[in-house]
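S.K.: can't give you the sequence, but here's the structure:
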């Protein structure tokens, strides 16, 4: 949190792909290179499979190259606290339902990188309602291309498109906070109906 306190408002991208998904070495390298290409500060919660340790999967010298522009946290971090921090301007997420809702509740634009199960559906929902953008896969092997990851992150954090996404997610966040739990269920139902129509 001290590191985040030193960053400007909405200048940091939070990367977390949940507790049950593990990125391949190639996907880890793509995200690592993305942080260098887009020149956006990054805080990355990296959960490695038990057979791998962080220094074995990150590109050689990555931590030294990003310096103060980035921070990699191993295994666990307080996601809600991070998303609620004023320096967070984007959320690279696998789009699990819990993470998607948290991102929207905190008014943080989502950079969707879905992997499996409900995640592709949730990513489409995020894009359809305008609260995020999806990183398209390079091929059926579910590989994310580093230039595409960097492009989408810069689009959400730095460009005009990103301002509209930020406006929409903050507006939806405010509406959700105003509603009771019962009404939130109704909002979710309507969002699902909207996606099914398209």
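M.R.: Sure, I can see it. Because the structure is predicted, anything quoted here is derived from the model rather than measured. Numbers count the residues shown, from 1 in each chain.
S.K.: Number of residues surrounding residue 105?
M.R.: Residue 105 is flanked by 17 other residues according to other Cβ atoms under 10 Å. Placement of C-beta: from N, CA and C, glycine included.
S.K.: no, scratch that, I was asking about residue 3
M.R.: Neighbours of residue 3 using other Cβ under 10 Å come to 14.
S.K.: which SS class is it?
M.R.: At residue 3 the chain is in helix, as set by DSSP: H, G, I helix; E, B strand; the rest coil.
S.K.: With residue 45 instead?
M.R.: Residue 45 ends up strand, using three-state DSSP.
S.K.: List the contacts of the top helix by length along the chain.
M.R.: Looking across the chain with DSSP state H, the single longest helix is helix 160-178. For helix 160-178, the external contacting residues (Cβ atoms under 8 Å, 6 or more residues apart in numbering) are 10, 89-90, 103-110, 129-133, 155-156, 184, 187.
S.K.: So how do I select the buried members of those in PyMOL?
M.R.: Applying 16 or more other Cβ atoms under 10 Å to the contacts of helix 160-178, the buried members can be selected in PyMOL as follows:
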select buried, resi 10+89+90+103+104+105+106+107+108+109+110+129+131+132+133+155+156
